[in-house]
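1. Quick one, what's the 3D model for this:
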Amino acid sequence: MKIFLNFGLLLFSVVPCILMLIQNPTKLQDRDHWYEEARSALKKRLASFEGKMGRAKNVVFLVGDGWGASTLTASRIFKGQRRGNQGEEEQLIWDTFPAVAMAKVGCWPRYSKILSKCFVARTFLVVRVCVKKKNI
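-> Sure, this is the predicted structure:
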């Protein structure tokens with residue numbers, strides 16, 4: 001019985017790996033495809049700013065608690081797959097804003113008595129007054 005179980009595990013783990021090596025990579029799996037996509041998106045974004053640089057008006061702060069790079073990527077993929085696409089090329093709403101900046105503000109457990117307290121409130125304080133202090 002153990003022999004059949006071990007053989008089954010080996011079969012189910014080796015066969016998909018072999019099939020992945022045999023198949024040809026698609027355009028979306030090619031690294032150069034994504035570099036070209038990023039390059040063209042950057043050129044398009046920079047071309048839209050020609051002669052329009054000035055003082056910022058109507059600034060909106062979005063404080064996304066827990067929205068790191070991996071969460072944003074997973075959200076893009078999820079949104080794209082729900083629409084029937086691959087997902088990686090999908091844009092979230094703030095990707096279409098004319099200017100976007102992201103800042104990561106951390107809160108260390110050694111500074112905070114209650115870790116959940118420090119995320120949104122302290123992050124907004126840092127964004128608002130541009131000063132990071134120890135949490136009480």
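2. Give me the mean pLDDT for stretch 67-85.
-> If you average the pLDDT over stretch 67-85, you get 88.
3. Could you do stretch 54-61 as well?
-> Mean predicted lDDT for stretch 54-61 stands at 76.
4. What distance do you get for residue 41 to residue 78?
-> In this view, residue 41 and residue 78 are 20 Å apart by C-beta to C-beta, to the nearest Å. From N, CA and C alone the C-beta is placed, and that goes for glycine too.
5. With residue 47 instead?
-> Shown here: residue 47 relative to residue 78, a distance of 30 Å by C-beta to C-beta.
6. Which of the two has more residues huddled nearby?
-> A direct count of neighbours by other C-beta atoms under 10 Å for residue 47 and residue 78 places residue 78 higher, at 12 against 8.
7. Now the more buried one: closest residue in space that isn't a chain neighbour?
-> Closest residue in space to residue 78, ignoring its immediate chain neighbours: residue 87 at 6.9 Å, by C-beta to C-beta, 6 or more residues apart in numbering.
8. tell me which element that neighbour falls in.
-> Of the helices and strands defined by DSSP states H and E, none includes residue 87.
9. Burial check on it, number of neighbours?
-> For residue 87, the neighbour count with other C-beta under 10 Å is 18.
10. OK, contacts around residue 99?
-> When contacts are counted by C-beta atoms under 8 Å, 6 or more residues apart in numbering, residue 99 is found next to residue 56.
11. what do you get if the cut-off is 10 Å, keeping everything else the same?
-> Residue 99 is in contact with 45, 48, 49, 52, 53, 56, 59, counting by C-beta atoms under 10 Å, 6 or more residues apart in numbering.
12. Contacts only, for residue 84.
-> Remark: with contacts taken as C-beta under 10 Å, 6+ apart, residue 84 is in contact with nothing.
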